[in-house]
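**Student:** got a structure for you, letters missing:
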């Protein structure tokens, strides 16, 4: 199979990055752009084989990732120091894998509650929609959003409503203390009747522990 080169994938005339930047800057959500090393950006774009005229390609090429809402939600890019993994490493496209990938879904983001967002590339019928592994339901659920729609939701969607049962008083400060590769463990867990953001005690756990739960559901 012929792989397109970076020169073929970088669409200078129809680059989506400026559109994304404008969307983020006009949105209501706080965010932090993490810079990517040029070499990693090129490798990620080539391994994904997507053009920068797409939102996915533009984010893969222009960022190491984007961190939203005080570190609550992390959008994957080409990888950066403040982010655990990249679009390549999370999905088995790199030289080294940070995780054991889940076939048929392209992981694009994760959150501090141990939830994961993935683009359906075949696991759920090749819908092209973003699916969310919900740690309270222990299921992959469709958001019915395309990747570009997902970026719009990150910029200006009602994340407080979406995460209503996951959040707690003072969560912003606690989440900012998490190290890359850590998420919050809830005790009792969110999937129990007693578990919730306000009722459960919280402590940092490895994101790989949370991913194991998500992957075990995805492979049943």
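**Tutor:** Received the coordinates, thanks. Given the structure is predicted, the values throughout are model-derived calculations rather than measurements.

**Student:** Got the phi and psi for the spatially most central residue of the chain?
**Tutor:** Nearest to the mean C-alpha position of the chain, by C-alpha atoms, centre = their mean, lies residue 109 at 0.5 Å. The phi and psi torsions at residue 109 (degrees, to the nearest 10) take the values phi -160, psi 160.

**Student:** just residue 178 next, same as before
**Tutor:** phi -70, psi 140.

**Student:** Now do the same contact list for it.
**Tutor:** Neighbouring residues of residue 178 by C-beta atoms under 8 Å, 6 or more residues apart in numbering: 71, 112, 184, 204. The C-beta positions use only the backbone N, C-alpha and C, and glycine is treated the same way.

**Student:** any idea what sits nearest residue 16, other than its immediate chain neighbours?
**Tutor:** Closest residue to residue 16 apart from its sequence neighbours, by C-beta to C-beta, 6 or more residues apart in numbering: residue 58 at 4.0 Å.

**Student:** Also residue 123?
**Tutor:** residue 104 (3.0 Å).

**Student:** before we move on, what about residue 48?
**Tutor:** Residue 48 sits nearest to residue 60 (C-beta to C-beta, 6+ apart), 5.6 Å away.

**Student:** Residue 70 now?
**Tutor:** residue 172 (4.4 Å).

**Student:** so that neighbour makes contact with residue 68?
**Tutor:** No: Residue 172 lies out of contact with residue 68 (C-beta atoms under 8 Å); the separation is 11.8 Å.

**Student:** who's more crowded, those two?
**Tutor:** More crowded of residue 172 and residue 68, by other C-beta atoms under 10 Å: residue 68, with 20 against 13.

**Student:** residues touching that one, list them.
**Tutor:** Taking C-beta under 8 Å, 6+ apart, one finds 29, 30, 31, 74, 75, 154, 159 in contact with residue 68.

**Student:** List only buried entries from those residues.
**Tutor:** Using 16 or more other C-beta atoms under 10 Å as the burial test, the contacts of residue 68 include 31, 74, 75, 154, 159 as buried.

**Student:** Give me the subset of these lying in strands.
**Tutor:** 31, 74, 75 (DSSP state E).

**Student:** did I read that right, residue 110 in a strand?
**Tutor:** Yes: assessed with DSSP: H, G, I helix; E, B strand; the rest coil, residue 110 lies in a strand.

**Student:** And residue 194, how far from residue 138?
**Tutor:** Residue 194 is 15 Å from residue 138, where distance means C-beta to C-beta, to the nearest Å.

**Student:** I misspoke; the intended subject was residue 106.
**Tutor:** 21 Å.

**Student:** quick one, which of these two is more surrounded?
**Tutor:** More crowded of residue 106 and residue 138, by other C-beta under 10 Å: residue 106, with 24 against 14.

**Student:** other SSEs contacting the host helix or strand of residue 144?
**Tutor:** Secondary structure from DSSP states H and E places residue 144 in strand 139-145. In terms of contacts (3 or more C-beta pairs under 8 Å, 6 or more residues apart in numbering; DSSP states H and E), strand 139-145 is packed against strand 116-120, strand 130-134, helix 147-156, helix 207-218.
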